[in-house]
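Participant: Provided below for reference: sequence and predicted model.
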Amino acid sequence: DDSRILNAYEIAFDPLDGSSNLDVNIPTGTIFGISPYNSSKPFSSKGRSLIAAGYTIYSSSVEFILSLGPSGSDGCAGFTLDPTLLYDFKKHQNSNIADCFILSRPNMKCPENGPYYSLNDGREPDWPDG
């Protein structure tokens, strides 16, 4: 049944997160999350049910970070845009040429402890007690 495949996932994204930073030349980015589709309650999945998530940051370099696994897995990797490398799609029945991202940070992990933490407290009223 094709409808089962077409409705398997949903994606939420912010195409220009940090757009208020543009006028002061601070990096901006794109963030996204992919989760299972629930026809009775779209976009209601918990963060732990994400299939994949990531972001791209636009600054003096362009970085793309992708996570395909649960927290602590080897499923998170960083890629850096290298505009000096071009991929020729002509060899693959297409006539486009594109810049390439190279794997620059495989197996990224957050340290268990660190001197700083950061969060967006805009949704603090929705946080559970404790």
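Facilitator: Now that the structure is in, tell me what you want to look at.
Participant: quick one: contacts for Leu66?
Facilitator: Ala52, Ala53, Gly54, Cys76, Ala77, Phe79 (C-beta atoms under 8 Å, 6 or more residues apart in numbering). Just so you know, the C-beta spots here come from the backbone N, C-alpha and C atoms, and that holds for glycine as well.
Participant: just curious, which of the residues you listed is nearest to Ser45?
Facilitator: Ala53 (11.3 Å; C-beta to C-beta).
Participant: nearest spatial neighbour of the closest one, skipping sequence neighbours?
Facilitator: Of all residues not flanking Ala53 in the chain, Gly33 sits nearest, at 4.4 Å (C-beta to C-beta, 6 or more residues apart in numbering).
Participant: Downstream of the helix or strand hosting the one you found, the next helix or strand is which one?
Facilitator: For Gly33, the host element (DSSP states H and E) is strand 28-36. Later in the chain than strand 28-36, the nearest helix or strand by DSSP H and E is strand 52-58.
Participant: who does that next one pair up with?
Facilitator: Pairing partners of strand 52-58, with direction, according to DSSP bridges: strand 28-36 (antiparallel), strand 62-67 (antiparallel).
Participant: All set, thanks.
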